[in-house]
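Visitor: based on what follows, work out the 3D shape:
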Amino acid sequence: MAYSAREVFEAFTTKRVLIIGDVMIDSYLWGKVDRISPEAPVPIVQVQKREIRLGGAANVALNVQSLGATPVLCTVIGNDVDAKNFHHLLAEAKLQTSGIINSADRITTIKHRVMSGAHHMLRVDQEIDKELNATEKASLKKKIAELILSCDVIIFEDYDKGVISADIIAYTVELANKLGKPTVVDPKKRNFLHYHGVTLFKPNRKEMLEGLKLDFDLRSEADLEEACKVLQERMQVSGVLLTLSEKGVFINLQGEQHYLPAHVREISDVSGAGDTVVSTAALALCTGLSAKPLAALSNLAGGLVCEQVGVVPIDRNRLWQEAVAENILE
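Guide: Model (predicted):
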C-alpha cells in the first residue's frame, strides 16, 4: 500500500513506542588543542564548553519524540548523583519517567567524550554491565507489563550494559506476541541469539558476523541474503534490516529483499545513527509501511544524523522533505 509523506508522518504522531534497554548520559568536553603535554606525548585540550545529553536507549526516545510519536522509556539506572542528572535531562526533554527504575545496586552509565572541533580525541566510560539482579528483573517485568498495553510497538535497545537479558527478552516477546504488538531489536553481542520470535531484527554488519559466528562476506549481495536467511531460520524472526555503514542497508521482510545504497553525505559523526535507524524503522513498521519504503526511510534518517557532531536526534521536517525529494514517499 502506498502512503503519502503527510499520511506517514501524521500517523507517527498517533503512535506510542515502548523502549526497553540500556540508557546513559553522553558527556562532552569541547575544547581546542594547540600543544602537546610535556608529561606524556598526548594533546592538551583546553576546555571551552561542557555538555551532557541523553544517550543509549534514551537517545532512541529522543528520536521517537522528534519523529512526532510518544516514547515510553523503560529501564534501570543507578540511585546516584548521575541518576539525578539523568532525570533532569528527561524533564528538560519532556520525556515520561514512569518506566524508570532506580537501583542502589547499579551506577548510571556515562560516556565522557573529549572533543576538539569535530575531532573525537578520547572517550572514558563509567558503567556497570552486570545482569540485573532478581529484584531488579521483577521490577522491570512489572513495568513492562503495565506499559506495553498502551504502546503500539516495542523497541529493544541493547548496549550490553545488563538491563536486557534472555529472560527479559523472552518475557517481553511472548507478551507482545500475545497482544499482537510488533517488536524491533537493535542488538549487541551478548544477547544476539536470544531474540527469538521478534518482528524486525536490526543488526549492523559487525554485529551480524559476530552474532552468527559464521564466515560470510557481507560485501556480497548473495552472502547478505544467505546471512539473513540463516538468521531468520535460526531465530524465527519475521524480518531483518541489516545496516552496512557507508554501503547502505539490506532488508528482508514480508517476502521482499532490497539492497539500498547509502546517500552521499558529508559525514561528521556516526554516533547515534543506529538509534535513529531503529526509531524510524519501528514507527514505519507499526504504521504499515512495506519493506522497501521502511528501509529507505530508515536509511535516509540514519544518514542525516551523521552530518551532525555528537549524538543528536533526527530532524523530522528535514527527513520529511528529503523523503519526498528522494521519492521514498509520495
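
Visitor: and stretch 237-255, what's buried?
Guide: In terms of neighbour count (16 or more other Cβ atoms under 10 Å), stretch 237-255 has its buried residues at 237-244, 247-253. Heads up, the C-betas are built off the backbone N, CA and C, glycines and all.

Visitor: what pLDDT, on average, does that stretch get?
Guide: Stretch 237-255 carries an average pLDDT of 90.

Visitor: mind checking the end-to-end distance for that stretch?
Guide: Here the two ends of stretch 237-255 are set 13 Å apart, with distance taken as Cα to Cα, to the nearest Å.

Visitor: wouldn't R50 be in contact with H112 here?
Guide: No: counting by Cβ atoms under 8 Å, R50 sits too far from H112 to count as a contact (10.1 Å).

Visitor: settle it for me: which of those two has more neighbours?
Guide: Here R50 and H112 are set side by side on neighbour count (other Cβ atoms under 10 Å), and the busier one is H112, at 15 against 10.

Visitor: tell me which residues touch the more buried one, please.
Guide: S27, Y28, L29, R123, V124, D125, Q126 (Cβ atoms under 8 Å, 6 or more residues apart in numbering).

Visitor: now do the same contact list for the residue nearest the centre of the chain.
Guide: Taking Cα atoms, centre = their mean, the centroid of the chain lies closest to D275, which sits 2.7 Å from it. Taking Cβ under 8 Å, 6+ apart, we find D275 in contact with G56, N59, V60, N63, E157, D186, V311.

Visitor: also H263?
Guide: Applying Cβ under 8 Å, 6+ apart, we find H263 in contact with N299, L300, G303, E326.

Visitor: now, of those residues, which are buried?
Guide: The neighbour count (16+ other Cβ under 10 Å) marks N299, L300, G303 as buried among the contacts of H263.

Visitor: need those in TSV (columns: secondary structure).
Guide: Shown next, in TSV, are these (DSSP: H, G, I helix; E, B strand; the rest coil):
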residue	secondary structure
N299	helix
L300	helix
G303	helix
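
Visitor: tell me where the stretch 101-250 of the chain has strands.
Guide: In the stretch 101-250 of the chain, strands defined by DSSP state E, counting those that start in this stretch lie at 110-116, 119-126, 153-157, 183-186, 200-201, 239-243, 249-253, listed in chain order.

Visitor: which of the residues in the first one are buried?
Guide: By neighbour count, and taking 16+ other Cβ under 10 Å as the criterion, the buried residues in strand 110-116 are I110, K111, R113, V114, M115, S116.
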